[in-house]
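how would this look folded up:
(one chain, ligands or ions: 2)
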Amino acid sequence: MDSQLKIYNSLSREKEIFIPIQEGKIGMYVCGPTVYNDVHLGNCRTFVSFDIIYRYLLHKGYKIRYVRNITDVGHLLDDGEDRMSKGARIDQLEPMEVAQKYTNGFHHMMRIFNTLSPNIEPRATGHIPEQIEMVQSILDNGLAYIVAGSVYFNTLKFIEKYNSYGKLSGRIVEDLMVETRDDLKNQDEKRHPSDFAIWIKASDEHIMRWNSPWSVGFPGWHLECSAMSTKYLGETFDIHGGGNDLKFPHHENEVAQNMGACGHAPARYWLHTNMLLLNGKKMSKSDGNTISPQELFAGQSEHISKAYSPMIVKFFMLQAHYRSSLDITDEALIAAEINFKKFMEALKILDNLSLDLFNNADSAPKDKEVESIIQNIYSAMDDDFNVPLAISEMHQLISYINQSKNNAEFAKQISQASWLNLKECYNTFLIQIFGIAEESSESDQVVTDGLMNLIIELRKDVRERKDWSSSDKIRDSLKEIGIQLKDGKEGTEWGKI
Ligand code: AMP
Ligand code: ZN
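Ligands and ions are numbered 1, 2, ... in the order given. Sure thing, here's the model as predicted:
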């Protein structure tokens with residue numbers, strides 16, 4: 001199927017026909033997680049969305065270099081604290097230990113959601129020399145200035161030269177006056193409120209620090225993505241993605257830095273995913289409005305009535321277009337579970353139905369309808385990756401699958417060739433492109449862990465009430481199914497006998 005792919009470009013605010021710089025090849029950069037905390041479900045939604053985009057582009061035959069970074073330094077909170085150092089103090093670990101711990105957790109979660117690994121996953125701390133070089137180029141081009149060991153990007157000079165700051169985020173300089181996130185502590189060092197730090201002199205208590213020509217310090221958060229995308233994808237590449245909360249200041253400043261260093265913008269197409277909401281509000285680690293994937297898989301949250309497996313949660317995420325927000329509710333998860341089961345059931349039927357049931361003539365009455373549904377699925381995906389529309393078309397395929405199973409007369413109205421096309425389309429989209437899989441043993445493990453923690457908690461309650469017979473019953477019943485509980489000082493642990 002070679003209908004033309006259209007992508008909504010945040011830069012032009014329009015759907016544009018996608019034309020890669022080099023025919024058949026795509027360079028794609030997606031802003032990865034800040035590894036100072038467990039990945040939350042909102043992050044997962046963004047990475048699942050880009051995974052589907054990546055898989056669809058692969059399916060269309062492009063050769064892709066997909067780069068997704070790990071932010072392990074330089075991401076300041078509103079109070080001016082570095083997110084990594086903060087994580088380190090809370091957990092009493094080395095910053096790199098914190099980064100490794102949460103990077104492992106992130107990878108684990110990405111596997112549970114059955115996403116493909118990027119081709120390159122660069123870390124900010126592994127690219128300090130490249131970032132220092134970029135700061136130097138910006139300084140050499142007269143678009144930054146040094147104050148007391150810190151280096152600031154000169155936004156007014158930049159506007160004078162390129163007349164384009166704020167284009168991506170649609171902000172005007174007056175709005176930019178309120179920009180504070182980067183370096184609240186050093187507001188007085190900036191010549192203009194919209195200037196932002198690209199190198200920050202480390203205060204004595206700051207643990208993450210490197211030598212540079214200007215001071216012992218650390219890079220500004222936006223710099224890593226400019227430096228690493230340039231290093232691995234070149235000065236101009238095809239697609240840059242991230243959540244829409246990164247449009248400003250992160251992506252706007254990335255564009256400014258790249259232009260400031262190399263004279264042109266980094267990416268041709270900017271893709272922004274919309275937020276996952278909880279109770280109608282952005283799910284976010286920093287303000288505590290979050291539900292963890294583990295809580296969802298184990299059913300341990302006040303917001304849900306039961307546990308939902310990772311694939312059901314992923315299927316739920318497919319119900320909204322990546323540019324629309326998606327609100328987690330128990331009802332929506334229940335609906336996703338019902339539909340997920342329908343889709344998996346149809347997959348089994350497809351595997352088991354004999355080809356002999358279908359018409360062995362060259363064509364049959366329902367072939368055109370089947371072919372047009374298949375075409376609609378491709379058209380939906382080519383229209384800015386409209387996954388929910390493709391899913392609704394797949395519901396139509398399911399109706400053909402079920403009717404073919406239940407009604408021999410119906411099956412005879414579809415030719416064997418069309419049936420094979422339907423089967424291939426269904427399998428390709430569900431498994432290869434949407435990455436929906438039978439529940440993996442790894443995700444089963446998450447569910448088991450959640451269930452065991454729940455049982456242990458319940459047993460603790462029972463014991464606190466001195467209800468020894470219930471407590472023994474729980475222990476003995478678990479033993480019967482091969483699980484042993486061990487009570488110790490640190491609490492109760494469990495293991496297989
Ligand atoms: P962070 O770890 O905060 O740097 O975020 C990693 C990625 O997840 C970025 O692309 C964010 O835009 C994205 N993200 C953060 N919160 C949400 C959310 N609630 N829904 C969807 N994506 C999010
Ligand atoms: Zn980034």
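
now check stretch 271-288, is it near ligand 1?
Yes - shown here: stretch 271-288 in contact with ligand 1 (C-beta under 6 Å from any ligand atom) through 273, 275-276, 282-284. In short, each C-beta sits where N, CA and C put it, glycine included.

and those as JSON lines, adding secondary structure, neighbour count and distance to Leu5?
Putting these into JSON lines (DSSP: H, G, I helix; E, B strand; the rest coil; neighbours: other C-beta atoms under 10 Å; distance: C-beta to C-beta, whole Å) gives the following:
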{"residue": "Thr273", "secondary structure": "strand", "neighbour count": "26", "distance to Leu5": "17"}
{"residue": "Met275", "secondary structure": "coil", "neighbour count": "19", "distance to Leu5": "25"}
{"residue": "Leu276", "secondary structure": "strand", "neighbour count": "26", "distance to Leu5": "25"}
{"residue": "Lys282", "secondary structure": "strand", "neighbour count": "16", "distance to Leu5": "29"}
{"residue": "Met283", "secondary structure": "coil", "neighbour count": "22", "distance to Leu5": "30"}
{"residue": "Ser284", "secondary structure": "strand", "neighbour count": "16", "distance to Leu5": "32"}
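
Output the residues you listed in CSV, with pLDDT and distance to Asp461 appended to each entry.
Output for the residues of stretch 271-288 next to ligand 1, formatted as CSV (pLDDT from 0 to 100; distance: C-beta to C-beta, whole Å):
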residue, pLDDT, distance to Asp461
Thr273, 98, 41
Met275, 94, 36
Leu276, 94, 32
Lys282, 81, 34
Met283, 77, 29
Ser284, 72, 31
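
Which secondary structure state is assigned to the residue in the stretch 201-350 of the chain positioned nearest to ligand 2?
Of the residues in the stretch 201-350 of the chain, the one nearest ligand 2 is Cys225, at a distance of 3.2 Å by C-beta to the ion. Here Cys225 is recorded as helix under DSSP: H, G, I helix; E, B strand; the rest coil.

That one contacts Cys31, doesn't it?
Yes - between Cys225 and Cys31 there is a contact under C-beta atoms under 8 Å: 5.9 Å.

neighbour-wise, which of those two wins?
More crowded of Cys225 and Cys31, by other C-beta atoms under 10 Å: Cys225, with 28 against 22.

rewinding a little: now for Cys225 and Cys31: what residues contact both?
Common contact partners of Cys225 and Cys31 (C-beta atoms under 8 Å, 6 or more residues apart in numbering): 69, 250.

re earlier: okay, and the residue lying closest to the residue of the stretch 201-350 of the chain closest to ligand 2 once chain neighbours are set aside sits in which element?
Leaving aside its chain neighbours, Cys225 sits nearest to Glu254 (5.2 Å; criterion: C-beta to C-beta, 6 or more residues apart in numbering). Per DSSP states H and E: Glu254 is located in helix 252-262.

In the stretch 51-200 of the chain, which residue sits closest to ligand 1?
Thr71 (5.8 Å; C-beta to the nearest ligand atom).

Ok, the stretch 151-300 of the chain next?
Gly243 (1.9 Å).

Phi and psi next, for that residue.
As for Gly243, its main-chain torsions (degrees, to the nearest 10) stand at phi -70, psi 150.

Looking at it now. What's its pLDDT?
Predicted confidence (pLDDT) for Gly243: 97.

Isn't it up against Val48?
No - taking C-beta under 8 Å as the contact criterion, Gly243 and Val48 are not neighbours in contact, 11.9 Å apart.

Determine whether any part of the helix holding Glu254 lies close to ligand 2.
No - shown here: helix 252-262 not in contact with ligand 2 (C-beta under 5 Å from the ion), separated by at least 6.4 Å.

neighbours of the nearest residue to Phe297 once chain neighbours are set aside, just the number please.
Leaving aside its sequence neighbours, Phe297 sits nearest to Val446 (C-beta to C-beta, 6+ apart; 4.9 Å). Residues near Val446, counting by other C-beta under 10 Å, number 21.

what's the offset of the helix or strand harbouring Val446 from the middle of its chain?
Val446 belongs to helix 441-464 when assigned by DSSP H and E. Chain-centre distance of helix 441-464: 28 Å, with C-alpha atoms, centre = their mean, to the nearest Å.

Count the residues that sit near Ile53.
Quick note: Ile53 (other C-beta under 10 Å) scores 24 neighbours.

I misspoke; the intended subject was Glu409.
7.

just checking, Val370 touches Tyr400?
Yes - using C-beta under 8 Å, Val370 is in contact with Tyr400, at 6.4 Å.
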